[in-house]
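Q: this one's structure only:
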């Protein structure tokens, strides 16, 4: 009786506290916020910058939610629909209290010749309830189609009459706007296979560049490497015997291959500028060493010529793609740099506007520190393949800018700032790389979409993987002995089947929207399970399946492979579960179980941080976990 009485008292106290902690909704929301003050979702930074530079209009939605303290701003109705279709959205955000959308009724809206949406007047916000939306028109934005909201139905019908499409009420948008496929392995794995096949084809396509007949031998048929290149017929090989060649600035402006004898053939610059430039499609550089590179990593954001034509993207190119390098590959589609060693105080390779180029078995040694040295490989504007190569030192092993769908695989990066650094790059595949002793192993920035990071191994770095952007896939990676395994940033992405062992913190959350799906990861033997910043509660359980955190003081009563108690890896009690016998005992006490039950049922008592409502009983990848724990360096995915 006493126990029952105490339980009732506890429940009463908790319920009373819940009313005190629940934030009142107050009056109705009557005004939209300034969009820059919202938590933005949807559209990559590259697409938004392109739209801004070209003066294009972006339809937007602002949502006030019952269970989320911040206003969420969606760039595009499509991103709003995608988020509302995401598993777990309702639980973490609650129902919308009010929605505002941009109103194009009085904005003098039209389309450019390319079909981009533009206006000549300021676009304001109206309540979404009575809005009419034009879907399936010819309108689009950089990177996507676009649905356009109008506060006046006649204006919507006028736009549809001129530019095509159908007018539907706001209540129908979830049926008429594509929410995108759900975030599952079944969605992403075919894309991984597709990008892998593209890379295989690109590599195979460049193999013939290593099989061309020799037309000129340097020293026998021509006095210098440059003279030999100038005299060689297209689609032939210039053979460079062993020796050191002072080439200063070697320019290859035709489809020929330069082939040496490996490390015994050294192409040496004069220490001022780049050494070799491939500036023609189907050019090749094979089996040579390169040094004598200039010391300028960046030309900086130089001013334009006065005509105002240098835009945001060109300024980034000036900062990162116009420095000195051992090898430059410019406007050289389907070219090949293979079996090359580069010693450089600045960058190793700069590859720009060269779709399908292959960088294979290239070794870059950046001889100055990460603050003075520069990049191993800079990739800009087109997809290329970087494989089976290594970069030591410098800032970034591979730096990308608008290199959508690039493939970076089977490389080694060590001792620099970032192993792979993606900027304004979507659809990239970063796979099977071994990274160690970096500030961050793989870092993604600028809100890109559709990136794929799979089967990478990052060890002894500050951060293993720093995620960002949306609709991306982080799977089957191994994170060991880092200060933090994965920084779970960005939104609407899937993190699954990663093995996260022996880090200072296994995962870290941010204050951003709680929209990522985190499931079937093995997070064990870390000093802390999760380091959580203040913000909304994150539920890391997807369709009833959580993660493996090690043994729990609970049972699997229904034998479904998941413990029958939720786990709070960022909590003060569960966070110490494997460090303190007292924490294990306390977690099993009836009083704690009672508090947990009330917390789960009363929104006002739900803590911030992370909860896994269905933690796994067994590891998701037991063999890999066992190999990592045993320190087996030959284990799959290990460096």
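A: Right, received. Where do you want to start? Everything numeric in this text was worked out from a predicted model, so none of it was measured. Residues are numbered from 1 along each chain as shown.

Q: drop to CA atoms for contacts and neighbour counts, all remaining ones
A: Will do.

Q: do me a favour and average the pLDDT over stretch 438-446.
A: Regarding stretch 438-446, the rounded mean pLDDT is 96.

Q: what does that stretch contact?
A: 44-46, 414-424, 435, 458, 460-469 (C-alpha atoms under 8 Å, 6 or more residues apart in numbering).

Q: gap between the two ends of stretch 457-475?
A: 11 Å (C-alpha to C-alpha, to the nearest Å).

Q: again, but for stretch 295-313
A: End to end - C-alpha to C-alpha - stretch 295-313 spans 24 Å.

Q: before we move on, what about stretch 163-178?
A: 20 Å.

Q: give the buried residues for that stretch.
A: 163, 164, 165, 166, 167, 168, 169, 170, 173, 174, 176, 177 (16 or more other C-alpha atoms under 10 Å).

Q: any stretches of this protein with poor pLDDT?
A: Applying pLDDT under 70 to the chain picks out residues 1-28, 179-180, 301-310, 369-371, 534, 577-608, 632-639.

Q: residue closest to the middle of it?
A: residue 444 (4.2 Å; C-alpha atoms, centre = their mean).

Q: SS state for that residue?
A: strand (DSSP: H, G, I helix; E, B strand; the rest coil).

Q: bridging residues for it?
A: residue 422 (DSSP bridges).

Q: do the same with residue 507
A: What pairs with residue 507, by the bridge criterion (DSSP bridges), is residue 486, residue 530.

Q: and it, how many neighbours does it have?
A: 26 (other C-alpha atoms under 10 Å).

Q: that one reaches residue 527, doesn't it?
A: No. Between residue 507 and residue 527 there is no contact under C-alpha atoms under 8 Å: 10.8 Å.

Q: and the helices in the stretch 501-639 of the chain, which stretches?
A: 581-587, 590-601, 622-629 (DSSP state H, counting those that start in this stretch).

Q: against residue 51, how distant is residue 45?
A: Counting by C-alpha to C-alpha - residue 45 and residue 51 are separated by 10 Å.

Q: I misspoke; the intended subject was residue 122.
A: 15 Å.

Q: and those two? which has more neighbours close in?
A: The neighbour comparison of residue 122 against residue 51 (other C-alpha under 10 Å) goes to residue 51, with 18 against 11.

Q: looking at this, that one is in a strand?
A: No. Assignment of residue 51 by three-state DSSP gives helix, placing it outside any strand.

Q: my guess is it contacts residue 59. True?
A: No. With contact defined as C-alpha under 8 Å, residue 51 does not reach residue 59; the gap is 11.5 Å.

Q: give me the subset of the buried residues of stretch 163-178 lying in helices.
A: 163, 173, 174, 176 (DSSP state H).

Q: just flag the most distant two among the buried residues of stretch 163-178.
A: 163 and 174 (22.0 Å; C-alpha to C-alpha).

Q: show me what secondary structure element comes after the longest helix along the chain.
A: Longest helix in the chain by number of residues (criterion: DSSP H): helix 185-206. Sequence-wise, the next helix or strand downstream of helix 185-206 (DSSP states H and E) is strand 214-217.

Q: which parts of the helix or strand just after that following strand are buried?
A: Downstream of strand 214-217, the first helix or strand assigned by DSSP H and E is helix 225-231. Residues 225, 226, 228, 229, 230 are the ones in helix 225-231 that count as buried (16+ other C-alpha under 10 Å).

Q: which helices and strands does helix 225-231 pack with?
A: strand 214-217, strand 250-252 (3 or more C-alpha pairs under 8 Å, 6 or more residues apart in numbering; DSSP states H and E).

Q: gap between the longest one and the chain center?
A: This means strand 214-217. 45 Å (C-alpha atoms, centre = their mean, to the nearest Å).

Q: reformat the ones in helices among the buried residues of stretch 163-178 as CSV; add distance to residue 295.
A: Converted to CSV, those look like this (distance: C-alpha to C-alpha, whole Å):
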residue, distance to residue 295
163, 54
173, 55
174, 55
176, 55
